[in-house]
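# Mind folding the following:
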Amino acid sequence: MLQHAHNPVDWYPWGVEALERAKQDDKPILVSIGYSACHWCHVMEKESFEDEGTARFMNEHFINIKIDREERPDLDHIYMDAVQAIAGSGGWPLNVFLTSDGRPFYGGTYFPPRSLYNRPSWKEVLAGVARSYRERRAEIEQQAGNLIRHVAGAGSFGIGQKSPNPPFTNLPFTREVLGQIRDQLLATADRRDGGFGGAPKFPQTFSIRYLLHYYYYTRDRDALGQACLSLDKMIAGGIFDQLGGGFARYSTDNEWLVPHFEKMLYDNALIVIALCEGWQLTGKPAYRQAIEQTMEFIRRDLSTGDGAFYSALDADSEGIEGKYYVWDKAEIDGLLGADAEGFCRHYGVTEGGNWEGKNILIRAMGLDAGDADASPRLEAARLKLLEYRARRVPPALDDKILLGWNALMNIACSKAYGALGKEEYRDRAVANMAFLRTRLKGEGIHFYYHSYKDGARIPAFLDDYAFLIAALLELQEITGDGSYLMEAKEILEEVIAHFSEGRPGEESQGFFYFTHDRQTDLILRKKELVDGAMPSGNSVMAFNLLYLSLLFDEPAWGDRSRQMAESVRNVVTGYPGSFGIWATLFQALTYTIPEIAITARRPENARKELLSQLIPYRVFQSSSQEDTHFPLLRDKPVREVPQFFLCENYACQPPVNELAALIRLLENVNKIPSNSYNNP
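This next block holds a predicted model:
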């Protein structure tokens, strides 16, 4: 709404005023959904929403509502499903037409100002919809009814039947099933350029992480090779900002050369998590460097200064996509002088450029050639160009603060601290959680808020709570602070009470709705199960239930997690690329889940040692004093020398005093072959 405030279109926010006005005037509603960093949203705004004639027609015939998809993902989910049913595909800008009671009947994505490539112009669409609404109302009402029924069932894709035999001891979580998932992922893998599928190519970090975890359990070199190839190619490509760190949202080509230049907070959080696990398994210097440069990008460009993280940087600068990031060779020659030749060779800079006459910087010689750690001159040149670039007109900043995205970045900070041991990353996670617990926490339906900008607003959604719980669990691991666990438990109970599907006494498969049961401004409540650009709230909640069931000895929570996973078993094994977090949960449920405790007068160093290792799924607590509150810490003596306890169902093996001994015990529990890599 702020970005579109100057448009001649009379935009309304979503709310009672707009919906009542539509009923009073008997007009259809146009809902236009976009987001701050969306390139084609900006294009359509300039071409159509800033055009006086187009705006007059829109104002006369429609009630026009502008929505930020990141502030209202609940509305975006509903109307995106409708447009995908109508058009066969979706995206942003999302333009959907509703009856006056909010039911969709027609829509699409970007429409040009003049018809071309068999795509009607925006004015033609507006005129056709307005005419049909006047003259063919019965057909429109029928179409709206059909679409609502479709959207209501869209979230149930792939859900199977509930197991009749709690506590679910016969679930089909086997190593054979995990091998089938691995095979499905590798069948879609790009074996030359990394990643999965073709252009446009997204990072798909969930699939990468599944393969890394699969390697941990099996030492399958093919799985590790594809995971590392994907990370290597992204780091070497234009999707990674070679000067300033951080990853763009996706690549428009198979080779990761030309990104769609916007940088999103959640993408970078998810990639950092995957890179941390890659580093823990392989110790490849390029992974550590990419983590550090991306974390520096987050600190420099997306941090508020008081603990929170902003949402995104635009793709455009001065109205041109990518202008901020690309270079002429002559410009680099003039800035670097004698160092220009080596820099240009390393980063693939040529006179003709590699994109529209300009140069997108890439690691043209591969990751192992002239790493900055081994080449002070190359690093000095990088920093000099970065400083020069900072004087250009920067891309616009989306400065809203989203609870779920901040929680994902909080997890990334904790993971980066664990992997690299840099205390500044732990401190960022602690400061960020303090911000979230202070500024976005409320009460009642506003137990937490979803968005913060000049104050908190909009009730939090399932994703927000799921990611927040997961962040609190990571924080208790890296700090040993049990208060984070207690808050995670409190939030979990809130979610169970107000987001669970069904009513008391009704049949349920354990899933959660996306919205709170007291939210009243939606035409229906949806369940989201697909792990898309972000994890689904349901898959993360299944992890949270399993973890907290073990730490608080609440078997019913673990049963619910298994029930959820069993209900999606067919679709996960058939389409793991769209259910990557669920697939990793299958790994946790297949193997014995280690329960690890560390006690010591000063457990910090032992805790850092453990966190530096990749153990894909385990529960972990540490304490400097005897603790009877948490079952895993109960009856564990605290001594000067650190003690590592490995337990299952709170039955513990004799403690060991060294991490190497604990690792051997872990390998024996799950029959894991010894790691052929030397961990860092």
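# how many neighbours does residue 224 have?
The tally of other residues near residue 224 (other CB atoms under 10 Å) stands at 21. The way it works is simple: take the backbone N, C-alpha and C, and place the C-beta from them, glycine included.
# show me what contacts it?
Under the criterion of CB atoms under 8 Å, 6 or more residues apart in numbering, the neighbours of residue 224 are 211-212, 215, 281-282.
# before we move on, what about residue 406?
By CB under 8 Å, 6+ apart, the contact list for residue 406 reads 265, 308-309, 432, 435-436.
# With pLDDT added, can I get the contacts of residue 224 in TSV?
Converted to TSV, those look like this (pLDDT from 0 to 100):
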residue	pLDDT
211	98
212	98
215	97
281	96
282	97
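# Among those, which lie within helices?
Counting by DSSP state H, the part of these found in helices is 211-212, 215, 281-282.
# Relative to residue 614, which of the residues you listed is nearest.
Nearest to residue 614, judged by CB to CB, of these is residue 281 at 5.5 Å.
# wouldn't the closest one be in contact with residue 614 here?
Yes: using CB atoms under 8 Å, residue 281 is in contact with residue 614, at 5.5 Å.
# C-alpha coordinates for stretch 389-406, CSV please?
Taking Å, rounded to 0.1, in the frame of the first residue of the first chain, the C-alpha atoms of stretch 389-406 are listed here in CSV:
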residue,chain,number,x,y,z
ARG,A,389,29.5,-0.3,-5.4
ALA,A,390,28.1,0.9,-2.1
ARG,A,391,28.1,4.5,-3.6
ARG,A,392,25.7,3.5,-6.4
VAL,A,393,22.0,3.9,-6.0
PRO,A,394,21.0,0.9,-4.0
PRO,A,395,18.0,-1.4,-4.6
ALA,A,396,15.0,-0.5,-2.5
LEU,A,397,14.8,-2.1,0.9
ASP,A,398,11.6,-3.9,2.1
ASP,A,399,11.9,-2.8,5.8
LYS,A,400,9.0,-4.7,7.3
ILE,A,401,10.0,-7.3,9.9
LEU,A,402,8.2,-10.7,9.6
LEU,A,403,8.1,-13.1,12.6
GLY,A,404,8.6,-16.3,10.6
TRP,A,405,11.4,-15.0,8.4
ASN,A,406,13.2,-13.6,11.4
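# quick one: buried residues of that stretch?
389, 395-396, 398, 400-406 (16 or more other CB atoms under 10 Å).
# got those as JSON lines, with distance to residue 145 columns?
Below are the buried residues of stretch 389-406 laid out as JSON lines (distance: CB to CB, whole Å):
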{"residue": "389", "distance to residue 145": "53"}
{"residue": "395", "distance to residue 145": "43"}
{"residue": "396", "distance to residue 145": "40"}
{"residue": "398", "distance to residue 145": "36"}
{"residue": "400", "distance to residue 145": "35"}
{"residue": "401", "distance to residue 145": "38"}
{"residue": "402", "distance to residue 145": "33"}
{"residue": "403", "distance to residue 145": "35"}
{"residue": "404", "distance to residue 145": "32"}
{"residue": "405", "distance to residue 145": "35"}
{"residue": "406", "distance to residue 145": "39"}
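# which element is the residue lying closest to residue 83 once chain neighbours are set aside on?
Beyond its immediate neighbours in the sequence, the residue positioned closest to residue 83 (CB to CB, 6 or more residues apart in numbering) is residue 107, lying 4.2 Å away. Assignment of secondary structure by DSSP states H and E places residue 107 within strand 104-108.
# residues in contact with that strand?
With contact meaning CB under 8 Å, 6+ apart, strand 104-108 is reached by 28, 78-79, 82-83, 86-87, 94-99, 125, 129, 132, 140-141, 143-144, 147-148, 151.
# which of these count as buried?
28, 78-79, 82-83, 86, 94-99, 125, 129, 132, 140, 143-144, 147-148, 151.
# where along the stretch 551-680 of the chain do the strands fall?
Here the stretch 551-680 of the chain has its strands, by DSSP state E, counting those that start in this stretch, at 595-599, 619-623, 643-648, 651-652.
# which residues are in contact with both of residue 281 and residue 614?
With contacts defined as CB under 8 Å, 6+ apart, the residues adjacent to both residue 281 and residue 614 are 212, 216.
# all strands in the stretch 1-150 of the chain, in order from the N-terminus.
Chain-ordered strands for the stretch 1-150 of the chain, with DSSP E, counting those that start in this stretch as the definition, fall at 11-12, 29-34, 63-68, 94-98, 104-108.
# Partner strands of the second one, with direction?
This points to strand 29-34. Each strand paired with strand 29-34, and its direction, by DSSP bridges: strand 63-68 (parallel), strand 94-98 (antiparallel).
# So for that strand, mean pLDDT?
For strand 29-34, the mean pLDDT works out to 95.
# who touches it?
Contacts made with strand 29-34 from outside it, assessed by CB under 8 Å, 6+ apart, are listed as 14, 18-19, 22, 41, 49, 58, 62-69, 72, 75-76, 79-80, 92-100, 102.
# three-state assignment of the residue nearest to residue 552 when sequence neighbours are not counted?
Excluding its sequence neighbours, the residue lying closest to residue 552 (CB to CB, 6+ apart) is residue 489, at 6.1 Å. Secondary structure, DSSP: H, G, I helix; E, B strand; the rest coil: residue 489 is helix.
# start at 10 instead
I'll keep to 10 as the first residue from here, and by that count the last item is residue 498.
# what about the residue positioned nearest the centre of the chain, which helix or strand?
For the chain, the residue nearest the mean C-alpha position is residue 543 (3.2 Å; CA atoms, centre = their mean). If you go by DSSP H and E, residue 543 is not part of any helix or strand.
# so what's it up against?
With contacts defined as CB under 8 Å, 6+ apart, residue 543 is in contact with 275, 279, 413, 417, 472.
# residues in contact with the closest residue to the fourth one other than its chain neighbours?
On the basis of CB to CB, 6+ apart, the spatially nearest residue to residue 417 that is not a chain neighbour turns out to be residue 278, at 4.1 Å. Under the criterion of CB under 8 Å, 6+ apart, the contact list for residue 278 reads 414, 417-418, 420-421.
# Name the member of the residues you listed that has the highest neighbour count.
Of the contacts of residue 278, residue 421 is surrounded by the most neighbours, 31 neighbours in total, counting by other CB under 10 Å.
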